[in-house]
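> structural data only, the sequence is not supplied:
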């Protein structure tokens, strides 16, 4: 099966279920631990899929106080809120204006503050460096047709990842790392090849399965000279 058909198969498996489609068709309020979220229609929902909660488990296990951390593609802002509560200096970004507005509102609801940047990847970041960048990327190989679909689809030629690995190194601190979550059903070999070809080290650091969904965490760092 080619990667385009593979991506469509998985997307259909989850999103075309009638109960899922209905749930995502309305604004929702959820509570995850001590964090309350408003999730508008069109913003990635963090509880229907394992990926965001898997990243949340990871950041909760790390010593992050005073670290400069970016949530790239923040969606509802769950991770940004959790990290800000633990004393990190947090920036949240998203390509979606609706998601950025939701992140701002959810930060206020949870009484935390952090910077929010509306940007296509790092296009509007200026000069910044981060110790950790957490990424829950779109990885289905199809061209998005609207803003909401950019949370799911990375482009038929994996445009998101090609652009990401051109820009990423400039925004990592000297010993910084990006932590990316990917599903077993996406084209991990192809994505990792983009990273390695752009001179990054790529290492699997964790995996987790919930029902039929298996996700992996990868650490991505700038390759050291010598």
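Received it, and whenever you're ready, just let me know what you need. Owing to the predicted nature of the structure, the values given are computational and were not obtained by experimental measurement.

> CA only for contacts and neighbour counts going forward, please
Noted.

> give me the element residue 143 is part of.
Assigned by DSSP states H and E, residue 143 belongs to no helix or strand.

> partners of the helix or strand containing residue 90, with directions?
Assessed by DSSP H and E, residue 90 sits inside strand 89-94. Sheet pairing of strand 89-94 (DSSP bridges) gives strand 68-72 (parallel), strand 115-118 (parallel).

> for the residue positioned nearest the centre of the chain, list the residues it contacts.
Centroid check for the chain by C-alpha atoms, centre = their mean gives residue 136 as the closest residue, at 2.0 Å. Residue 136 sits next to 51, 52, 72, 73, 180, 181, 182 when contact means C-alpha atoms under 8 Å, 6 or more residues apart in numbering.

> show me where pLDDT drops low in the protein?
For the chain, the stretches flagged by pLDDT under 70 are 1-25, 225-226.

> which residue ranges form the strands in it?
Using DSSP state E, the strands assigned to the chain run over residues 28-32, 35-39, 68-72, 89-94, 115-118, 130-135, 172-183, 200-210, 213-222.

> ok so, going back, how about the strands paired with strand 89-94 in JSON lines, adding mean neighbour count and distance to residue 148?
Formatted as JSON lines, those follow (neighbours: other C-alpha atoms under 10 Å; distance: least, C-alpha to C-alpha, whole Å):
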{"stretch": "strand 68-72", "mean neighbour count": "25", "distance to residue 148": "16"}
{"stretch": "strand 115-118", "mean neighbour count": "19", "distance to residue 148": "14"}
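
> of all those strands, which one is nearest residue 169?
Among the strands paired with strand 89-94, the nearest to residue 169 by C-alpha to C-alpha is strand 68-72 (13.4 Å).

> from the chain's centre, how far out does the closest one sit?
10 Å (C-alpha atoms, centre = their mean, to the nearest Å).

> ditto for stretch 177-189
Relative to the chain's own centre, stretch 177-189 is displaced by 10 Å; criterion: C-alpha atoms, centre = their mean.

> gap between residue 155 and residue 162?
To residue 162, residue 155 is 10 Å away according to C-alpha to C-alpha, to the nearest Å.

> so which of those two has more stuff around it?
The neighbour count for residue 155 versus residue 162, taken as other C-alpha atoms under 10 Å, is higher for residue 155 (19 against 15).

> so who does that one touch?
Residues in contact with residue 155 (C-alpha under 8 Å, 6+ apart) are 140, 141, 142, 143, 144.

> now do residue 73
92, 93, 94, 95, 121, 135, 136, 137, 151 are the contacts of residue 73 under C-alpha under 8 Å, 6+ apart.

> span of stretch 143-161 from start to end?
This stretch, stretch 143-161, spans 13 Å end to end (C-alpha to C-alpha).

> list the buried residues in stretch 194-205.
For stretch 194-205, the neighbour count (16 or more other C-alpha atoms under 10 Å) marks 194, 195, 196, 198, 199, 200, 201, 202 as buried.

> run the chain-centre distance for it.
Relative to its chain's centre, stretch 194-205 lies at 17 Å (C-alpha atoms, centre = their mean).

> over to stretch 136-153?
12 Å.

> buried sites along that stretch?
136-144, 148-153.

> can you count the residues close to the closest residue to residue 35 other than its chain neighbours?
Residue nearest to residue 35 in three dimensions, not counting chain neighbours: residue 110, with 6.5 Å by C-alpha to C-alpha, 6 or more residues apart in numbering. A count of nearby residues for residue 110, using other C-alpha under 10 Å, gives 15.

> the one 4 residues further on now?
Applying other C-alpha under 10 Å, we find 18 other residues in the vicinity of residue 114.
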